[in-house]
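Chemist: dropping the sequence and predicted coords here.
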Amino acid sequence: MLTLQLPQSHREELFFCNMSATDSLVMAHVIQDVLDPFTPTISLRITYNNRLLLASAELKPSAVVSKPRVDVGGNDMRAFYTLVLIDPDAPSPSHPSLREYLHWMVTDIPETTSVNFGQELVFYERPDPRSGIHRLVFVLFRQLGRRTVFAPEMRHNFNCRSFARQYHLSVATATYFNCQREGGSGGRRFREE
Amino acid sequence: MEEVWKDYMSLQPSLISITPAAAAGGALYNHRHHQHLSPSGAGASHSPPSFSSPLQPPTPPPPTTLSLSSTLEFTYLGGAGAGGGGGSSTSGDDSRDLMAFSFAPADQYQYRYQTIMKQSSSSAAAAGDSRRQRRMIKNRESAARSRARRQAYTNEMELELEQLRRENEMLIKRHQELSVRLATSSSAQVPAHYSSTLHRCRSAPP
């Protein structure tokens, strides 16, 4: 992994070069189960334990115990964003009766800043999958204005599509990672670590 | 199940005697089974020419050879899937036609056997089957999710690779430009041996 820290602008230039940025989301059926097809309009850097998160990476529950660092890209500080972390495979990918389970919600995040500058409406609950390999999806929504988004009553059976409709949000970008229980042995083998 | 076969065996002689008649009616079975029919071509002096050796009523095969000969005769007679009873009823209709030629008890007998087999399969084996089917479906879905995961990961890796290559290229170019600039600027202004020593700020050469 490249450890050299480049200025944000440099990385963004590269980000807009690839137009197939949502292909991974399509292949993993995140676009279909959780979201409708969209075009990403901004960059999102999610960092767990100093490692930048790439889509479809596999993280252990121990690695995602605390909330990550989240940096929103862009140029215009007057725009506000909402970040959610949801689990569409709760309690189990074969019987997702609690789809989608809301782990985290932060609203009013100003563009170009980080999640620390927003309002944490639903506190970060660490993913703890019991059975199967779960997808954990980060979705960044663009708000129409400040203080226009509110938290749901419950974490389970959240629905991104209806949430977006209810508060007039549009999907700015999304990414996801895979997580299974700490001692699980499913999924890919022979990974470098 | 054993009783069923015992009854069947007791019917053997009568079955054997009917085979030529059945053969006459169901000529299509002849070529398949004719070598096995030769011993059972017995009892009919005017058996059709397809039977090679006529005429001695064979002793009913002992129970130990039940598996081979009896199943074949069973097949010949009924045209249904041999011995197994359960599944194949592709020649079900044919068997009923053949039944017209066969002996009444055998007729009833085979029908009884088939229904018994069907009942046992519908209760125990069918439950097992549906469980197996459900397991198969679950496994198929799990495999599909696994493939989706792998494809998404591979795609992401390829994108990242391209991005890193581009970045690397850019950095190398930048580095070259910078080192060229550094080389040209230093040769124009500061003599080499000055660069490692301390310079006075205000009165330093331009």
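Modeler: Structure's in. What do you need?
Chemist: which parts of chain A are strands?
Modeler: Remark: strands assigned in chain A by DSSP state E are A:44-48, A:51-52, A:57-58, A:69-72, A:80-87, A:101-110, A:119-122, A:134-142, A:170-179.
Chemist: out of those, which comes closest to residue B:144?
Modeler: strand A:134-142 (13.7 Å; C-beta to C-beta). Just so you know, the C-beta spots here come from the backbone N, C-alpha and C atoms, and that holds for glycine as well.
Chemist: for chain B, find the nearest of the strands of chain A.
Modeler: Between chain B and the strands of chain A, the tightest spacing by C-beta to the nearest C-beta is seen for strand A:170-179, at 6.3 Å.
Chemist: buried set for the closest one?
Modeler: In terms of neighbour count (16 or more other C-beta atoms under 10 Å in any protein chain shown), strand A:170-179 has its buried residues at A:171, A:172, A:173, A:174, A:175, A:176, A:177, A:178, A:179.
Chemist: and the angle from it to strand A:80-87?
Modeler: Inter-element angle recorded for strand A:170-179 and strand A:80-87: 30 degrees (by axes from the mean of the first three to the mean of the last three C-alpha atoms, to 10 degrees).
Chemist: return the list of strands paired to strand A:170-179, each annotated with direction.
Modeler: Here strand A:170-179 has these sheet partners by DSSP bridges: strand A:57-58 (parallel), strand A:134-142 (antiparallel).
Chemist: pLDDT weak spots in chain B?
Modeler: Within chain B, the segments meeting pLDDT under 70 span B:1-122, B:189-197, B:199-200, B:204.
Chemist: contact residues of it facing chain A?
Modeler: B:138, B:141-142, B:145-146, B:148-153, B:155-157, B:159-160, B:162-164, B:166-167, B:171 (C-beta under 8 Å from any C-beta of the partner chain).
Chemist: now restrict those residues to buried residues only.
Modeler: In the residues of chain B next to chain A, burial by neighbour count holds for B:145, B:148, B:149, B:151, B:152, B:153, B:155, B:156, B:159, B:160, B:163, B:167, counting by 16+ other C-beta under 10 Å.
Chemist: now the strands of chain A in a markdown table, with mean pLDDT and distance to residue B:182?
Modeler: Shown next, in a markdown table, are the strands of chain A (pLDDT from 0 to 100; distance: least, C-beta to C-beta, whole Å):
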| stretch | mean pLDDT | distance to residue B:182 |
| --- | --- | --- |
| strand A:44-48 | 97 | 32 |
| strand A:51-52 | 96 | 31 |
| strand A:57-58 | 95 | 39 |
| strand A:69-72 | 97 | 33 |
| strand A:80-87 | 97 | 42 |
| strand A:101-110 | 97 | 39 |
| strand A:119-122 | 97 | 48 |
| strand A:134-142 | 97 | 41 |
| strand A:170-179 | 97 | 39 |
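Chemist: counting contacts, what elements does the strand or helix carrying residue B:126 pack onto?
Modeler: Using DSSP states H and E, residue B:126 maps to helix B:126-188. Counting contacts by 3 or more C-beta pairs under 8 Å, 6 or more residues apart in numbering or on different chains; DSSP states H and E, helix B:126-188 packs against helix A:8-15, helix A:23-27.
Chemist: strand A:134-142 and that helix, what's the angle between them?
Modeler: Using the same axes, to 10 degrees, helix B:126-188 lies at 50 degrees relative to strand A:134-142.
Chemist: go through the buried ones among the residues of chain B next to chain A and name the one nearest residue A:164.
Modeler: residue B:152 (22.6 Å).
Chemist: check contacts around that closest one.
Modeler: Going by C-beta atoms under 8 Å, 6 or more residues apart in numbering or on different chains, residue B:152 touches A:23, A:24, A:25, A:27, A:28, A:55, A:56.
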